[in-house]
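K.L.:
Everything below, folded, please.
(one chain, ligands or ions: 1)
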Amino acid sequence: MNKPQNRVFSGVQPTGNLHLGNYLGAIRNFVGLQDTHECIYCVVDLHAITAWQDPKELAANTREVAAAYIAAGIDPEKHIIFNQSKVSAHAELAWILNCVARVGWLSRMTQFKDKAGKDREAASVGLYDYPVLMAADILVYRATHVPVGEDQKQHLELSRDIAQKFNNDFAVNGGADFFPLPEPLIMGPATRVMSLRDGTKKMSKSDPSNWSRITLKDTADDIAAKIRKAQTDPDPLPETVEGLEGRAGADNLVGIYAALAGIAKAEVLKEFGGKQFGVFKPALAELAVARLSPITGEMKRMMENDQGYIDATLEKGAERARAIADPVYKRVREIVGFI
Ligand code: TRP
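P.N.:
The predicted structure is shown next:
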C-alpha cells in the first residue's frame, strides 16, 4: 500500500448557520490547497450528533455544507467531497483508536470542557470522544496535512499522539510507521472572525443574536445591514495596526476587510486610516457583498433547485473515499490481529 505524500483531510460540521467565520476560517482555505494537494473534504455528520440535531435539519445542514464547498470553488471531480456517515471505516477505526487513546489525554481537551459547560455529567459520551473520531477521520486516509483553525490545534496534536502510539504499540505486528503523523496547516492571520456585536467573542452559530454573524444564507441587504449595525467605537480608524489594540470591534471589521480583499490589515489602514466608520462600513459592505454573493447565490440555487446534484456528488465522493479508506482499514485489522 503506497503512502500518500500530500494528502489533505478536513471537515466542517453540519450544525446550521454556516457563517463568515466558517468561510474565511476554513472553507476558503480548503479551496486554495487544491492545486498542490490531493484533498478530501468531509461534512462531518457523525461529529454533529455529539450534540442533539433535529434529523430533518441535519439533512438540510449536511447539504448546505456540501453546497458551500462546491460554491466556494472546491472541485468535486478532482477532489473528494462527501459526508462522513457514508464511509463506515471512520467509525470502525475510531473504535480501535478508542482503545489506543488514554482517558488522561482526552480529559485535557479544552474544547470538551468549554462545550460540556458546567453540567459535564449530562454531556454525551460522543462529545467526550469527539477528538478520537477526528483522529480516525484523518488517519483512515493516512492524510499528511490538515487545515484547521486555532481551536482545533489541540485535537490535531491528539491525533498525532494517537497515531504515534498506534505505530509503537503495533510495531510488533507490522504497524511501525503505518500512520503518518498529520501536520497542521494553520491558516493565515485575520481568519479569526469575531461577533459583530462583541469583538471579543468568536462569531458563532449559536449566538442568540442574528446580528452577531453574517451567514451564507444572507442576502446582499442583510449583509449590508449587519455591517452597518456592527459594534464599533466613535473614533476614526487608526493609521497603524497597533492602533487597533483595545478596539476589538474595529479590529474585527478591519480583519474581515483584509481577509475578504486578500491583503494585510496594514494595507487596509493605509487606505482607511483616519477615516470614520461612516466611510469604512459601506466600503466593507460593498466588498463583502461582492465576494460573498456569488457563493451564497450559487448555494441557494443548488439548495432550492439542484438537491439531486448535491446528493449525487456526496454519493460519488463517498464511493471514492471508501476506495481509499477501506484498504487502510483492512490493513489496520490485520495489524491489530483481527481475522
Ligand atoms: N472538529 C472540526 C471542527 O469542528 C471538524 C472536524 C472533524 C475535522 N473531523 C476533522 C477537522 C478532521 C479536521 C480534520 O472544526
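
K.L.:
Show me where this protein has its strands.
P.N.:
7-12, 38-43, 80-83, 145-148, 183-186 (DSSP state E).

K.L.:
Could you pull up the contacting residues of the residue in the stretch 1-150 of the chain positioned nearest to the ligand?
P.N.:
Closest to the ligand within the stretch 1-150 of the chain is residue 11: 3.5 Å, counting by Cβ to the nearest ligand atom. (Glycine included, C-beta is placed from N, CA and C.) With contact taken as Cβ atoms under 8 Å, 6 or more residues apart in numbering, residue 11 is in contact with 41, 42, 43, 44, 47, 84, 134, 137.

K.L.:
dump the residue contacts of the first one.
P.N.:
Okay, so that is residue 41. 9, 10, 11, 12, 30, 69, 74, 79, 80, 81.

K.L.:
again with the last one
P.N.:
Contacts for residue 137 (Cβ under 8 Å, 6+ apart) come out as 9, 11, 42, 44, 84, 90.

K.L.:
What about the first one, how many residues nearby?
P.N.:
Right, residue 9. 25 (other Cβ atoms under 10 Å).

K.L.:
Ok, the third one next?
P.N.:
Residue 42 has 30 neighbouring residues, counting by other Cβ under 10 Å.

K.L.:
in the chain, what spans have low per-residue confidence?
P.N.:
Regions of the chain meeting the criterion pLDDT under 70 cover residues 188-191.

K.L.:
That one against the ligand: which residues are in contact?
P.N.:
Residues of the chain lying close to the ligand (Cβ under 6 Å from any ligand atom) are 9, 10, 11, 13, 44, 47, 134, 137, 138, 146, 148, 152.

K.L.:
from these, which single one is nearest residue 174?
P.N.:
Set against residue 174, the nearest of these by Cβ to Cβ is residue 138 (20.7 Å).

K.L.:
where exactly do the helices run in this structure?
P.N.:
20-22, 28-32, 45-48, 55-72, 89-98, 103-106, 110-116, 125-139, 153-169, 220-229, 248-261, 265-272, 277-305, 307-336 (DSSP state H).

K.L.:
For the fifth one, could you pull out the residues that count as buried?
P.N.:
Applying a neighbour-count criterion of 16 or more other Cβ atoms under 10 Å, one finds 89, 90, 92, 93, 94, 96, 97 buried in helix 89-98.

K.L.:
what's next to that helix, contact-wise?
P.N.:
Against helix 89-98 from outside (Cβ under 8 Å, 6+ apart): 46, 84, 129, 132-133, 135-137, 139-140, 162, 166, 322, 325-326, 328-329, 332, 336.

K.L.:
Please tell me how far residue 6 sits from residue 293.
P.N.:
33 Å (Cβ to Cβ, to the nearest Å).

K.L.:
more neighbours, the two?
P.N.:
For residue 6 versus residue 293, neighbours defined as other Cβ under 10 Å are more numerous around residue 293 (15 against 12).

K.L.:
for that one, what are its contacts?
P.N.:
220, 223.

K.L.:
how does it look with 7 Å?
P.N.:
Counting by Cβ atoms under 7 Å, 6 or more residues apart in numbering, residue 293 makes contact with residue 220.

K.L.:
Also the one 3 residues further on?
P.N.:
Under the criterion of Cβ under 7 Å, 6+ apart, the neighbours of residue 296 are 216, 217, 218.
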